[in-house]
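Peer 1: this is a predicted model, with the sequence first.
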Amino acid sequence: MTTLASALEAPYRPRHVRFIRREDVEGWQLKLYGIAVNGQEPRPEFVEATRDLAAQVLPQPPAGEDRYGVGFAIAHDARSVGIALVYFWKSENELHQRIYVSPKDDPAAFTQVENQPAGCVWELEVVNFERLAWLEDVLSNPAGPDLDAYLERSFSRDV
């Protein structure tokens, strides 16, 4: 059996995953999340750079063309780079994503990631929470789709 131990930098350690706030971003209603290493919070300038990036990359108009004008963004202040992930809901059940990275010393110098991954283990915790919230509040809500209820839900935990 092949072992991957030599390829791993360090054992898994939980990271702070926190809901920061709701934002109106160019007409989009977004939930803004932050993730950071070593029990820290993401740097405020990186969070703001992620929010500003979302304003630039989200399609316009927010509602229309099978879009609902809602989504979420994650500012992941990772070990060696900043990772900005922007997600929005489209076509009832599709989650679309845009992923960018920036140098640690220049948080707003984003470049788009080619061959985008689904996300890392910490980011996927937020994605899973948002998927379940979308299912419960929008797709399978007995009273009908409730975007306000969806936007009121948030995730904060060390994972």
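Peer 2: Yes, it's here. Numbers count the residues shown, from 1 in each chain.
Peer 1: got a list of contacts for the lowest-mean-pLDDT helix or strand in the chain?
Peer 2: For the chain, counting by mean pLDDT, DSSP states H and E, strand 63-64 ranks last in confidence among helices and strands (a mean of 92). Identification of contacts with strand 63-64 by CB atoms under 8 Å, 6 or more residues apart in numbering yields 27, 69. Every C-beta, even on glycine, is put in place using the N, C-alpha and C of the backbone.
Peer 1: now the element after it, going C-ward?
Peer 2: Remark: after strand 63-64, the chain's next helix or strand is strand 67-77, criterion DSSP states H and E.
Peer 1: who are the packing partners of that next one?
Peer 2: In terms of contacts (3 or more CB pairs under 8 Å, 6 or more residues apart in numbering; DSSP states H and E), strand 67-77 is packed against strand 28-36, helix 44-57, strand 81-90, helix 121-134, helix 147-152.
Peer 1: mean pLDDT, mean neighbour count and distance to residue 97 added to these, as CSV?
Peer 2: Converted to CSV, the helices and strands packed on strand 67-77 look like this (pLDDT from 0 to 100; neighbours: other CB atoms under 10 Å; distance: least, CB to CB, whole Å):
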stretch, mean pLDDT, mean neighbour count, distance to residue 97
strand 28-36, 98, 24, 13
helix 44-57, 98, 19, 10
strand 81-90, 97, 22, 5
helix 121-134, 97, 18, 9
helix 147-152, 98, 15, 17
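Peer 1: brilliant, that's me finished.
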